[in-house]
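**Student:** Here is a sequence with its predicted model. Questions after.
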Amino acid sequence: MGYGQDYYTLRSIFMDGVPPPVIHIHLKMFDVATGVPIGGISPPSLSPSEVQHDETDHFEEKDMFDDWLRELWQEKDDLMTQFFQTRLFRTGGMSPIEIPVKLRRKREIFDAFCFFLPAGAGYLWGMIRR
């Protein structure tokens, strides 16, 4: 089995018009304040020397985060196994959404590189002024 990047590139998709037949993406959102065990965060007004940390608390928080992350990776692995068997991501009863991967207009190719135009112009202007 290969991976998509071995067969499809930005050039093949947008310049040659050969997109992959399907792209499967599973998104999971987390509320960082309550859903991710990152431990206590000190207020920004305190300097690092003013914050009192207990070493055991630090290791407990790290262990909690490590366990949470390991469970998340196991969940991902289980989901990938399910996907390879059924060719679907089924979680929470949500149905898949299909979005076509194609350009609406040829000029959209340039939209992907619009950041580089001002940077390139600034670089050239700096070289000319020397």
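**Tutor:** Looks like it came in fine.

**Student:** Residue 32 - nearest residue in space that isn't next to it in sequence?
**Tutor:** residue 38 (7.2 Å; C-beta to C-beta, 6 or more residues apart in numbering). Where C-beta positions appear, they are placed from N, C-alpha and C, glycine not excepted.

**Student:** Help me confirm that that neighbour comes into contact with residue 64.
**Tutor:** No - using C-beta atoms under 8 Å as the test, residue 38 is too far from residue 64 to be in contact (9.1 Å).

**Student:** Quick check: neighbours shared by the two?
**Tutor:** Residues touching both residue 38 and residue 64 by C-beta atoms under 8 Å, 6 or more residues apart in numbering: none at all.

**Student:** Residue 39 - how many residues pack around it?
**Tutor:** The local packing of residue 39 (other C-beta atoms under 10 Å) involves 13 other residues.

**Student:** Backbone dihedrals for the residue nearest in space to the middle of the chain, please?
**Tutor:** Note on the chain: the residue nearest the mean C-alpha position is residue 27, at 9.2 Å, using C-alpha atoms, centre = their mean. Phi and psi for residue 27, reported as degrees, to the nearest 10, are phi -110, psi 140.

**Student:** got a pLDDT number for residue 23?
**Tutor:** You'll see residue 23 listed with a pLDDT of 78.

**Student:** for it, helix, strand, or coil?
**Tutor:** coil (DSSP: H, G, I helix; E, B strand; the rest coil).
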